[in-house]
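Engineer: Quick check, what structure comes out for this input:
(chains A and B)
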Protein chains: 2
Amino acid sequence: MDKTIEKLKELTKDIVLLEHAIATLSWDQETYMPPKAIGEKGEQLALLQGLLHDKITSPGIGELLDNLGADDNNPAGEFESKIPTDSAYIKETFRQYKIQTRLSKKLVTALALETSLSQAAWIEARKQSDFSLFQPHLEKVLELTKQKAEAIGYKETPYDALLDEFEPWTTTRDVADIFGSIQPWLTEFIGKIKEVKQVDDSFLLEDFDISKQEVFGRKVLQDMGYNYERGRLDVSVHPFTTTLGRDDIRLTTRYQKDFFKTGLFGIIHECGHGLYELGFGDDVRGNLLASGTSLGIHESQSRTWENVIGRSMSFWKYYYPELQKYFPENLGNINLDSFYKGINKVEPSLIRVEADEVTYNLHIILRFQLEQELISGSLAVKDLPEAWNMKTKEFLDITPLNDADGVLQDIHWPMGAFGYFPTYALGNLYSAQFSSVMEKEIDVEDSLKNGNLVNILDWLRDKIHIYGASKSAAELAVDISGEKLNPEYFKRYIENKYKRIYKI
Amino acid sequence: MDKTIEKLKELTKDIVLLEHAIATLSWDQETYMPPKAIGEKGEQLALLQGLLHDKITSPGIGELLDNLGADDNNPAGEFESKIPTDSAYIKETFRQYKIQTRLSKKLVTALALETSLSQAAWIEARKQSDFSLFQPHLEKVLELTKQKAEAIGYKETPYDALLDEFEPWTTTRDVADIFGSIQPWLTEFIGKIKEVKQVDDSFLLEDFDISKQEVFGRKVLQDMGYNYERGRLDVSVHPFTTTLGRDDIRLTTRYQKDFFKTGLFGIIHECGHGLYELGFGDDVRGNLLASGTSLGIHESQSRTWENVIGRSMSFWKYYYPELQKYFPENLGNINLDSFYKGINKVEPSLIRVEADEVTYNLHIILRFQLEQELISGSLAVKDLPEAWNMKTKEFLDITPLNDADGVLQDIHWPMGAFGYFPTYALGNLYSAQFSSVMEKEIDVEDSLKNGNLVNILDWLRDKIHIYGASKSAAELAVDISGEKLNPEYFKRYIENKYKRIYKI
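Structural biologist: Below is the predicted model:
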């Protein structure tokens, strides 16, 4: 049996290498690629995706999985509960093998090609703020995505099949239940904030020198324990973190003079993702389990660093004097308390990535509902902008002025990543749940006040990072907090923090 | 038949795409990759090289080539002389198919992996100037290279098989004949220069602001017709040009404060390569013929721009006043004539890439002889440093002070690129031959004096670039100048130029 699992590991090695090669091409596309190169890049990616599909679906892997006894009822095969990482390895291989063998190579490469074209069209449509330029592409991508869901199969709804790619072992019903519990609560809480005096954040919207933003951001990265020997920080239109190799985890960010939050908190956010991937344990690193176990858990890491840590009073007790030295004109006359309130201002806004942590999840629930309707067919692509605007009004009580700041703001649908959005909200919830435990186990406040960020990293690494995908999201939650994902942690976190800030 | 050739083009499409994906990974390795990522990069490249080998040797291609009647006697199949590009397409596919089917996938991936490790070892050995650190790696690479030559096969000597990869349809004997004709001539000519007063180039070796070097270099690039929509310029330790897509041809250079020639002439040199790849005609662009037809021809383009154009008096009549404005402290008191002489100083030196255009070819002949001995086995790797130093003394009358400035200076052997070096010298000779015709057909001097570099580009594009690999090096030479490669052009070019500079 040991030999069989070793053989499986050997056979699946190329999968990881190819994924990293693909990540290299995609990273290049978002960072340094000259503009006209986009045409062929899509063809290259489609080819590599097809080759990756060949590798994952190779009959050799199927045979080994058979020999190991992996099937739908027992995806970890006979190894179940013997060697945990090996069990997890078989389970993850089986999951990927099962999904990919149900997809034809034709569909996989068609999706790669169409989503590449669709992203290019989306960029143009967004520039011109004209949804109609993007509509035919989205229709094609949606059609292929529906085919994909049907091919993969599902228990209750096609959306289950899509969600599973990003949040394995989680169903649409799970997500709907959780969102159902937080949505009315959020609306009520935001309503309370609306009734009291708003905090001022105007000083954050003046010009902040970009080169200084970068130097300060890099300083925080270093303190967080990010390793430039195994990664880089570059600039891209849409910030992201990507893994190009077991020792090559790269971050990107963007700097805006008049909105320094994207530079600073964007860097902290992406670094949270990066530290997860940098922290995989030795029996996981570089193999099929070397990935976040779900995007929700991945996001929990970025959001913990960005919000629980990066938007906390203790963090800024340490960093604010330093930040003021970098930007004396901007912040010289702003005291710590005003700064802290400013970076935590709660106010319904149009752009998801710029939303505060209270209203943020409503942006997600909106998308979760709309994409389910698109997949089920109850909403036509041509009617999407109107539906978007109506739901924005319903959820946030504001209306987008144009498509660019509305339905065209996110890259996910152009990428064909239906089922991705909910993981952002799940990440916020997991983050609150994990942090609540972390605060009991280590002295977070004291660590932050002393700039000892590595203390935080050590806890996260020990509890989450080292496992990679060898524990599922639910297993992590139970092992850390004694229970599955429970949105009450998030509610408590938000209440504790914002009742103080807004005195409600 | 038309359908068969279309099918061949369809089947070979992925070859080009994979080559470009590989180029993307290699480009990344040389430019932006974080240091620790090197370990896995080699594995990724080996995997992709293996997949590329699968594609080129696919039985489908073999069948089509059979149907088209391509064989050793008639590599262009029955299409010979009907549609020139189609003939060339079949011929080039046959050439690649034949070579690759003779190589096992095992050998191809072993070479990819070993040369990646060997390059890492070489970097370290060079840093420490200690050949012994590199020796075992070179031994392995050499052994695999010999296996490769044997597998490919040859008429007279294993070196033929290796040379053919870089300079198709050219034999060791061809090269040896040509080098035999220029070596004594060069030695004699250099001897004459040694007898007269040396020119002064000390002002070129003072500090030149690097950011200004870059701005000036980019200005010249623009004037040469380089297209940033289809390319980029980055920094790397070893300057190179590489093609990541049909619309993605990238250059790199390096800047040294105290040696501004590498920045400036390096940029012009690489741009010469880049313009070749940017200039492929529509029936060549993006397919298997979209490459330089040989490295010799490729180098002829870079050397024409770097030396014939970039080190000419007419070029600097236009650019020198501008350059003086960039560097008034360095060049304010140096007149055009002194500058011109300085950048054309002839003096035997240790480093090939910094050699002047007269002594340069001796560096190549030295390497050509040594690598033939390594391949034939008459020289052992352990004895290479001594042989290197002795030949340097013999050819250039100087002795390397250490391995770093001697046997370890070039990346080619670490890369396993035996057979590559001669193409540099062939490039110099082709450059002189083509330029001699160009000067008859257009008014080069006048174009340069007016900064009209695009006039030069148009000629090169029309005569050389548009054809890509659809005409062989020899065909190009005959079509342009009425004869095959003839070293007399080079001798005449050198004499004309340097007799004036040195008044001999």
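
Engineer: contacting residues for A:Phe208?
Structural biologist: Residues counted as contacts of A:Phe208 (Cβ atoms under 8 Å, 6 or more residues apart in numbering or on different chains) are A:257-258, A:260, A:263, A:327, A:330. From N, CA and C alone the C-beta is placed, and that goes for glycine too.

Engineer: out of these, who's near chain B?
Structural biologist: Among the contacts of A:Phe208, no residue lies close to chain B (Cβ under 8 Å from any Cβ of the partner chain).

Engineer: Quick check: chain neighbours aside, which residue is closest to A:His298?
Structural biologist: Using Cβ to Cβ, 6 or more residues apart in numbering or on different chains and skipping the chain neighbours, the partner closest in space to A:His298 is A:Gly292 (3.5 Å).

Engineer: could you give the angle of the top helix by length along chain A to helix B:2-31?
Structural biologist: Determined from DSSP state H, the single longest helix within chain A is helix A:2-31. On the basis of axes from the mean of the first three to the mean of the last three Cα atoms, to 10 degrees, helix A:2-31 is oriented at 90 degrees to helix B:2-31.

Engineer: Name the residues of helix A:2-31 that are buried.
Structural biologist: For helix A:2-31, a neighbour-count test (16 or more other Cβ atoms under 10 Å in any protein chain shown) marks A:4-5, A:7-9, A:11-31 as buried.

Engineer: related to what we said a few turns ago, now list the buried members of the contacts of A:Phe208.
Structural biologist: Buried among the contacts of A:Phe208 (16+ other Cβ under 10 Å): A:260, A:263, A:327, A:330.

Engineer: The longest helix of chain A near chain B at all?
Structural biologist: Yes. Remark: helix A:2-31 sits within contact range of chain B at A:14, A:17-18, A:20-21, A:24-25, A:28, by Cβ under 8 Å from any Cβ.

Engineer: What does A:Gly332 show for phi and psi?
Structural biologist: Backbone torsions for A:Gly332, taken as degrees, to the nearest 10, come to phi -50, psi -40.

Engineer: Surely it is in contact with A:Tyr326?
Structural biologist: No. A:Gly332 lies out of contact with A:Tyr326 (Cβ atoms under 8 Å); the separation is 10.8 Å.

Engineer: Which one's more surrounded, the two?
Structural biologist: Neighbour totals were compared for A:Gly332 and A:Tyr326, and A:Tyr326 leads with 15 against 9 (other Cβ atoms under 10 Å in any protein chain shown).

Engineer: ranges for the helices of the stretch 151-300 of chain A?
Structural biologist: A:158-166, A:172-195, A:210-224, A:260-278, A:295-303 (DSSP state H, counting those that start in this stretch).

Engineer: Going along the chain, name the strands of chain A.
Structural biologist: A:233-235, A:241-245, A:248-253 (DSSP state E).

Engineer: how about JSON lines for these, with mean neighbour count added?
Structural biologist: JSON lines is the format used below for the strands of chain A (neighbours: other Cβ atoms under 10 Å in any protein chain shown):
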{"stretch": "strand A:233-235", "mean neighbour count": "16"}
{"stretch": "strand A:241-245", "mean neighbour count": "25"}
{"stretch": "strand A:248-253", "mean neighbour count": "26"}
